[in-house]
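Engineer: Any chance you can model this:
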Amino acid sequence: DAVTADPALLTVLAPTDAAFAKVDSATLTNLLKPENKDQLVAILQLHVAAGTVLSSNLTDGMVVTTLGGGKLTVGVSSDGVTFTSGAGSVAKVVLADVRTSNGPVIHAIDTVLMPAPAGLPSVDDVLNATT
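Structural biologist: Have a look, this model is predicted:
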């Protein structure tokens, strides 16, 4: 549970203001409705991983499990580091390994990651089933 987890053992993927600006206003409005609380929680949990995940420990193709059980696939290339959600949203790390005074490590990202819709397979599940 994100609220009770030791903050020193968390990694946060923090979308920048520009990342939030990419999300259309209708989506944001819908997510803030009380009946959509579970969707908002799923999105928030997709941005937090247990443990300290430093950029120097990331490898191409690595899978990071988030607090909500979501899976993010890491991409490492000469263009930088990316995280791809099961829904296929891709966020590029724009500032890595920000240490905080209360423990968590933060990576600023350029896109709000979205989980795969409930009941639908993730992109990774589909790709793995065909290989």
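
Engineer: pLDDT score for residue 32?
Structural biologist: On pLDDT, residue 32 comes in at 91.

Engineer: Next, the contact list for it, please.
Structural biologist: residue 40 (CB atoms under 8 Å, 6 or more residues apart in numbering). Every C-beta, even on glycine, is put in place using the N, C-alpha and C of the backbone.

Engineer: With adjacent residues omitted, what lies nearest to residue 36?
Structural biologist: Distance criterion CB to CB, 6 or more residues apart in numbering; nearest residue to residue 36, sequence neighbours excluded, is residue 30 at 5.7 Å.

Engineer: The one you found: which element?
Structural biologist: Per DSSP states H and E, residue 30 falls inside helix 25-31.

Engineer: Return the set of buried residues in the very next helix or strand once past that helix.
Structural biologist: Counting by DSSP H and E, the next helix or strand C-terminal to helix 25-31 is helix 37-45. Using 16 or more other CB atoms under 10 Å as the test for burial, helix 37-45 gives 39, 42-43, 45.
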